[in-house]
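Trainee: need a 3D model of the following:
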Amino acid sequence: MFGIPGKQAVTMTPAAITQIRKLMETKGHHGLRIGVKKGGCAGMEYTMDYVDEADPNDEVVEQDGARVLIAPMAQMFLFGTEIDYEVSLLESSFRFRNPNVADACGCGESITFKDVEELQAERQQG
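Mentor: Numbers count the residues shown, from 1 in each chain. Down below sits the predicted model:
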């Protein structure tokens, strides 16, 4: 795990917990795996996939019955992130409030992370 012992890698708002639990129950999956991949206009994008079992290297976060698994390569980039679920007239989607993001595109779907050395220094100070 990349983080601070005893502290969850990510947190979820009540709206996100409700939506993740609903997805787990209706689809019969073990949880949602969150990751990052190269892409988008700012360089990186979040990924979310259903999972039927945890990978031994996943960081598993459970909160009030909702289960999120963080892919190994994404753990340092997602540490401290709050996951929310927002519903508007035109769309509903998960939102990530991530303190590790240095820049984002206008739509918020593509992000740029802080430098790895900067992230590691922040974790050591916190």
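
Trainee: tell me the mean pLDDT for stretch 26-41?
Mentor: Averaged over stretch 26-41, pLDDT sits at 85.

Trainee: now stretch 55-66
Mentor: Per-residue pLDDT over stretch 55-66 has a mean of 94.

Trainee: next, the buried residues of that stretch.
Mentor: Neighbour-count burial for stretch 55-66, counted by 16 or more other Cβ atoms under 10 Å, picks out 58, 59, 60, 61, 63, 66. For the C-beta atoms, the positions are set from N, CA and C on the backbone; glycine is no exception.

Trainee: let me know the secondary structure of the residue nearest the centre of the chain.
Mentor: Centroid-nearest residue in the chain: residue 34, 5.0 Å away (criterion: Cα atoms, centre = their mean). Using DSSP: H, G, I helix; E, B strand; the rest coil, the structure places residue 34 in strand.

Trainee: what about residue 98, neighbour count?
Mentor: Residues near residue 98, counting by other Cβ atoms under 10 Å, number 20.

Trainee: for the residue nearest to it when sequence neighbours are not counted, which residues are in contact?
Mentor: Once flanking residues are discounted, residue 98 sits nearest to residue 81: 4.3 Å by Cβ to Cβ, 6 or more residues apart in numbering. Applying Cβ atoms under 8 Å, 6 or more residues apart in numbering to residue 81 gives the contacts 9, 10, 11, 96, 97, 98, 99, 100.

Trainee: for residue 54, same thing?
Mentor: Contacts for residue 54 were tallied using Cβ under 8 Å, 6+ apart; they are 30, 31, 60, 69.

Trainee: just checking, which of the residues you listed belong to strands?
Mentor: Of the contacts of residue 54, the ones assigned to strands by DSSP state E are 31, 60, 69.

Trainee: can you lay out these as CSV showing distance to residue 21?
Mentor: Formatted as CSV, those follow (distance: Cβ to Cβ, whole Å):
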residue, distance to residue 21
31, 10
60, 15
69, 15
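
Trainee: out of those, which one sits closest to residue 43?
Mentor: Nearest to residue 43, judged by Cβ to Cβ, of the ones in strands among the contacts of residue 54 is residue 69 at 23.5 Å.
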